[in-house]
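Enquirer: The sequence and its predicted three-dimensional model are supplied below.
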Amino acid sequence: MSEIQSNKELLDKETGKMGMWIFLFTEMFLFGGLFLVYAVFRTKYSADFHTAASELNTFIGTLNTVFLLTSSMTVAMSLTAIQKNSPKLAFFLVFATLLLAALFMVNKYIEWSHKFEFGIFPGSPVLKNMGRGELLFFGLYYMMTGLHALHVLVGMVLLSVNLVKIKLGRVNPRHYLLLENSALYWHLVDLIWIFLFPLLYLIT
Amino acid sequence: MSDSENGTYINYLQHKGKYGGILSWLLSTDHKKIGLMYLYAVIVFFFVAAILGLLMRIELIAPGQTIMGPQTYNGMFTIHGIIMIFIIVIPALPAIFGNFFLPILIGARDVAFPRLNLFSFYLYITGAVLGVLSQFAGNGPPDTGWTFYVPYSAQSSTNVIFALTAAFILGFSSILTGLNFIVTIHRLRAPGMTWFKMPLFPWALYATAWIQVLATPIIGITLLMVIAERVLNIGFFDPSLGGDPVLFQHLFWIYSHPAVYIMILPAMGIVTEIFPTFSQKPVFGYGAIVFSSIAIAFIGSFVWGHHMFTSGMSYWARWFFSFATFVVAVPSAIKVFNWLSTMYGGSIDLKPPLLFAISFIFLFMIGGFSGLTLGSLATNIQVHATSFVVAHFHYIIFGGMGFAFFAGIHYWFPKMFGKMYNIKVANIAWGLIFGGFNVFYFPQFIIGIQGMPRRYFDYLPQFTTGEVISSIGSFILVAGLFLMLFNLIRASRTGAVAPSNPWKGVTLEWQIPSPPPHENFDTIPEIKTKPYFFGNNIKQE
Amino acid sequence: MKNEETHISSYSSHAIVLIILLILTTISVFVTGYHLGALSVAAALIIASIKVRTVISYFMHIRFESLFMKLMVTAVFVIFGLIIIITFIDYLLR
């Protein structure tokens, strides 16, 4: 006969992790809709997409890719650190992740404001005068990187919460589900960018 | 069952947690209370939407304007659809009966994430309220239909963004419920309950939950794209900016077709629980039912184009979607065979749950057959966007999911409330509902084939007879619904005390007191037998 | 359930993974610099897929998780792929 008295005993790490993975699947399908739109219009307007993509700065895009990939490593390492009972190292690594995320956002801000200056934004007259495919490319560019940036911000909030909790000892070698799930979320943010980068910057 | 029959145990309705009064409900993370809160919300919204439908029927009782003009009528069918689809039919069965009974049926004390469950409920209420608000604020009720087709949804001056946002939030609620159920079923089954010892309603909820989790985000992003179209002129669906309106239809139906399986799979799961109980015999073909549930969820994710046969898709797309649509009918047919075989040779007790379950099969099959007419390319052209479609989906959704809902509430009412309703009145209500339903919707098939368009507030004189009969049926139906509601409300207040197992069921919910205690089980059971074990002298599956 | 042993990835394995990812990124930037048309597109997407697979397997630890989790992640990508392919039955063959 089982002695299980409450749900809490059954709620181990695996349960929480499974929940986060399923949530990540939903995020993948959310962005998936945009990838589908991209695929359709890229096929229809390949020349225009080619032209429009060359307006994007490949260097900034590559730099952002490096930032995010590195941040994925630092957050993955922070998990190792907490599991190996090195909370100070874990704190530092989460902080490093946040820093890289902030650099990403700064880059994005520079990119976007640069585009705005040139009158390239959804609904602008400049866009209306471009080829249809170019207009759609930029619509996709803004919507995809915008939604992605929103997720970066959410990820940064989660990471900040982890910073506090590591400091307070609430995230520790016995209880680190929050950090693990936040890291998974952060990796998703990285995954989406790994696909966005070639689709928006490299297909020229 | 120590203190149950003496009444000396504390049931979930009496349980005093951290909060008292109304907060003990509004802040409760008890899956049973959350299930009831969903039930009350669904009842209210259902009757609002039903009244809207009745108003439409009054308008359609005669050609020309009867009580409202075209703009009002367009707003009516839009909000009727939005409420019925996003606030009633998609959420109700998982959120009410799934929440209440999934943990009990698998021998758990609650779902995996109880606080997330409560959050799902509040998202639901927020979305529902926003949907209702779309009727009143600003520029008038949306008139796009619940399907929000572009280009009109991007151009209409009405409160479309309210409705889009409401649907988005409701979708998020659905996603979180699905997530919760998947993890619950994976992690919280009682010791000894292997996957194939799990009852079939949880299996149905499992297949449903995957659709909720994977398909819903796609409509989420699509609704955001329409908002971007309206606010930013983003151009994805605007031909003048290079976009494609048919792309919206693809994205919309990629979710909205699997959504109908979110509606019907739990419904099938509920009747699958009812048939063995009222036949006192195990379910016939347990494995086939599991397999067909998964098959419906999987194949049904790839048939969405059958809503778009006349939109200009390629020949091969039309061919593919028609073929897949015919394939997906097969697992449903397998289930019907299994339900009938379950009853065959059983000890039949025709109580209201079984009555509703049997009529579910009848109505669902009529709806299903008409789906074949719609799924066949040539005939689709004749009946697309006519009353035939309206009849088809009301038979499937209302006759299917709706009747399964009524079956479920009559089945589980004594367990949820500890009271029994009046069987005779329930049967009379059934008669009015079933009779009224068919008088209402069957003529719609006929005038639809004859050419009566859907979503039209006016029509040619030749359709008058059909529309009049239809409207009369709608009044009979609604009368029956009110009688059923009255019967159940009265029972919840002053009904006779119900025993813990009034129907002689053998699944876990019937082994605990009525109403259940706060934590469901004194000790978590250890499962040794198959789920529909009616004793050693009955032939086992 | 409490006794499930947790595999802890080492710092060095994470560092190696990052180096691999950076190398792949460099390759993809160079490959698309050459105008090989459709081949560039294919190369960039294939490399991106390898990067995604690497992040999921190592950073996200799927390599060491249960068979169910591995199956689910695969299934999610397969289903999404099928949706795109089926949509293109319309778009490519109009």
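Expert: Perfect, I can see it now.

Enquirer: pull the longest helix from the chain.
Expert: Reading this off chain A. Residue-count comparison of every helix in chain A, with assignments taken from DSSP state H, identifies helix A:132-168 as the longest.

Enquirer: wrong one, I was asking about chain C
Expert: In chain C, taking DSSP H as the definition, the longest helix is helix C:67-91.

Enquirer: Show the secondary-structure elements that the helix or strand harbouring residue B:338 is packed against.
Expert: Element membership for residue B:338, per DSSP states H and E: helix B:315-343. Applying 3 or more Cβ pairs under 8 Å, 6 or more residues apart in numbering or on different chains; DSSP states H and E, we find helix B:315-343 packed against helix B:245-279, helix B:286-299, helix B:352-375, helix B:377-383, helix C:67-91. From N, CA and C alone the C-beta is placed, and that goes for glycine too.

Enquirer: Is whichever residue of the stretch 1-150 of chain B sits closest to chain C in a helix, a strand, or coil?
Expert: Scanning the stretch 1-150 of chain B for the residue nearest chain C gives residue B:112, at 13.0 Å (criterion: Cβ to the nearest Cβ). Under the three-state scheme (DSSP: H, G, I helix; E, B strand; the rest coil), residue B:112 adopts coil.

Enquirer: what about it, neighbour count?
Expert: Neighbouring residues of residue B:112 were enumerated by other Cβ atoms under 10 Å in any protein chain shown; the total is 25.

Enquirer: cool, residue B:122 as well?
Expert: Counted with other Cβ under 10 Å, the neighbours of residue B:122 add up to 13.

Enquirer: same question for the helix holding residue B:338, mean pLDDT?
Expert: Averaged across helix B:315-343, the pLDDT comes to 97.

Enquirer: For chain C, what lies in contact range of chain B?
Expert: Within chain C, the positions lying close to chain B (Cβ under 8 Å from any Cβ of the partner chain) are C:68, C:76, C:79, C:82-83, C:86-87, C:89-94.

Enquirer: Just the buried ones among the residues you listed, please.
Expert: For the residues of chain C next to chain B, a burial check counting by 16 or more other Cβ atoms under 10 Å in any protein chain shown picks out C:76, C:79, C:83, C:86-87, C:89-91.

Enquirer: of these, closest to residue B:290?
Expert: Looking at those and their distance to residue B:290, the nearest is residue C:79, at 19.7 Å (Cβ to Cβ).

Enquirer: give the contact list for that closest one.
Expert: By Cβ atoms under 8 Å, 6 or more residues apart in numbering or on different chains, residue C:79 lies in contact with B:214, B:301.

Enquirer: Do a quick rundown of the helices in chain C.
Expert: Counting by DSSP H, chain C has helices at residues C:11-33, C:38-54, C:67-91.

Enquirer: Now do the domain split for chain C, please.
Expert: Structural domains annotated on chain C: C:1-60, C:66-94, as defined by automatic domain parsing.

Enquirer: Next up, the contacts around the nearest residue to residue C:47 once chain neighbours are set aside.
Expert: Nearest residue to residue C:47 in three dimensions, chain neighbours excluded: residue C:28, at 4.2 Å (Cβ to Cβ, 6 or more residues apart in numbering or on different chains). Contact partners of residue C:28, counting by Cβ under 8 Å, 6+ apart, are A:198, A:202, C:43-44, C:47-48.

Enquirer: re earlier: check the offset of the longest helix of chain C from the chain's centre.
Expert: 13 Å (Cα atoms, centre = their mean, to the nearest Å).

Enquirer: same deal with stretch A:96-108?
Expert: Distance, centroid of stretch A:96-108 to centroid of chain: 11 Å (Cα atoms, centre = their mean).

Enquirer: now stretch B:114-132
Expert: Going by Cα atoms, centre = their mean, where stretch B:114-132 is centred and where its chain is centred differ by 17 Å.

Enquirer: distance of residue B:245 from residue C:77?
Expert: Per Cβ to Cβ, to the nearest Å, residue B:245 is found 29 Å from residue C:77.

Enquirer: Number of residues surrounding the residue of chain A found nearest chain B?
Expert: Proximity of chain A to chain B (Cβ to the nearest Cβ) peaks at residue A:132, 2.7 Å away. The criterion is other Cβ under 10 Å. On that basis, residue A:132 has 19 neighbouring residues.

Enquirer: For the spatially closest residue to it that is not a sequence neighbour, grab phi and psi.
Expert: On the basis of Cβ to Cβ, 6+ apart, the spatially nearest residue to residue A:132 that is not a chain neighbour turns out to be residue B:242, at 2.7 Å. Torsion angles at residue B:242 (phi, psi; degrees, to the nearest 10) stand at phi 100, psi 0.

Enquirer: can you check residue B:11 too?
Expert: When read as degrees, to the nearest 10, the backbone of residue B:11 gives phi -90, psi 170.

Enquirer: If it is in a bridge, with which residues?
Expert: When bridges are assigned using DSSP bridges, the partners listed for residue B:11 are residue B:517.

Enquirer: The stretch 151-300 of chain B against chain C: which residues are in contact?
Expert: On the criterion Cβ under 8 Å from any Cβ, chain C has as its neighbours in the stretch 151-300 of chain B the residues B:186, B:214, B:246, B:250, B:254.

Enquirer: The fourth one against residue C:88, yeah?
Expert: No - the pair residue B:250 and residue C:88 fails to qualify as a contact (Cβ atoms under 8 Å) at a distance of 10.3 Å.

Enquirer: Now for residue B:149: which residues touch it?
Expert: Residue B:149 sits next to B:245, B:248-249, B:252 when contact means Cβ under 8 Å, 6+ apart.

Enquirer: low-scoring pLDDT stretches of the chain, where are they?
Expert: All of this is about chain A. A:1-11, A:204 (pLDDT under 70).

Enquirer: Oops, wrong one, chain C.
Expert: Where chain C drops to pLDDT under 70, the residues are C:1-5.
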